[in-house]
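Participant: after the sequence you'll find the predicted model.
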Amino acid sequence: MPYIRANGIRIAFDTFGSMNKPPLFLIHGLTGQRMSLEGMALRLADEHFVITYDCRGHGQTDHPAAYTLADHGRDLLALIETLGYDRSSVLGQSMGSYIALQAAEMDPSRIETLILVTPKAYDDGSGSSFQRLLRAEGLDMRTASREQRSRVLKKALWSPDIPPEKLAALAPRTKMTGENVVALTPEETAAVNEALIGFDLRPGLAKVSCRTLVVAGAYDRINPPAYGREIAGNIPGAQYAEFPGGHLLTLECEEDYLRCVRAFLAESH
């Protein structure tokens, strides 16, 4: 696991595949880490040089006391440049999609192909969408127990009709384990959420000039598909795909999802 300094912080990253292939950055979601994307990275590394990294405030990357979504966006642009690329394809999931979209609005010339998975373009004042769901249950990001979080998440992450045996098989893939897992303190968790409070990328959607695919889950309660349709409808030429899954459609609908992503990336090269 190497580190690199970009935009004033130390960023932990991993790579998959041959450097001779087109670069593809994968960006994880809120309170996640790069290791959660390893399975997807391995599946896509046959056609791309895949880079995963821990976002600022997450994992083994530096944890500043306070930062913003704009800082996240600048981190991605600096990482693309520091690793030696003029342009790169980028795929972001959930919070990762906000970061990818922020970077594409800041400097469209750096993003060749943009894939936004379970995205939204603005915050309603809650910060993370998960915080909104917790508040609806009378809970808070700082103080909710692991059991309380799991109960709220279960209703948002999966479609209501997912077979119990499939859910049991997928559940272990949602858990991060191993010596590289970095548990966030309550203060760090609060900073992760506060970085997203009040962001609004809607005014810049029309400026996004790269080929864009927006992917949504029909049963996603964290970022409902209406958010994705709004983004796709306001980015010139954007494509929209919806799958019969929840927020974790990347697991629940994995094969169809990866087939869609592969086809879109192939059309870009």
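Facilitator: Cool, got the structure. Numbering: from 1, shown residues only.
Participant: how about residue 88, nearest residue that isn't a chain neighbour?
Facilitator: By the measure of Cβ to Cβ, 6 or more residues apart in numbering, the closest residue to residue 88 outside its immediate chain neighbours is residue 23, 4.3 Å from it. Backbone N, C-alpha and C define where each C-beta goes, glycine included.
Participant: so that neighbour bridges to which residues?
Facilitator: For residue 23, the beta-bridge partners are residue 49 (DSSP bridges).
Participant: what is the burial count for it?
Facilitator: Look at residue 23: counted by other Cβ atoms under 10 Å, it has 20 neighbours.
Participant: OK, contacts around it?
Facilitator: Contacts of residue 23 were listed using Cβ atoms under 8 Å, 6 or more residues apart in numbering, and they are 48, 49, 50, 51, 80, 83, 85, 88, 89.
Participant: tally of neighbours for the third one?
Facilitator: Other residues within reach of residue 50 by the criterion other Cβ under 10 Å amount to 26.
Participant: show me the contacts for it.
Facilitator: Residue 50 is in contact with 15, 16, 17, 23, 24, 25, 26, 41, 44, counting by Cβ under 8 Å, 6+ apart.
Participant: pretty sure the fifth one contacts residue 91?
Facilitator: Yes. When contacts are counted by Cβ atoms under 8 Å, residue 24 is listed as touching residue 91 (6.6 Å).
Participant: these two: who's more crowded?
Facilitator: Neighbour count, other Cβ under 10 Å: between residue 24 and residue 91, residue 91 has more, with 28 against 25.
Participant: now residue 168: how far from residue 218?
Facilitator: Using Cβ to Cβ, to the nearest Å, we find residue 168 at a distance of 22 Å from residue 218.
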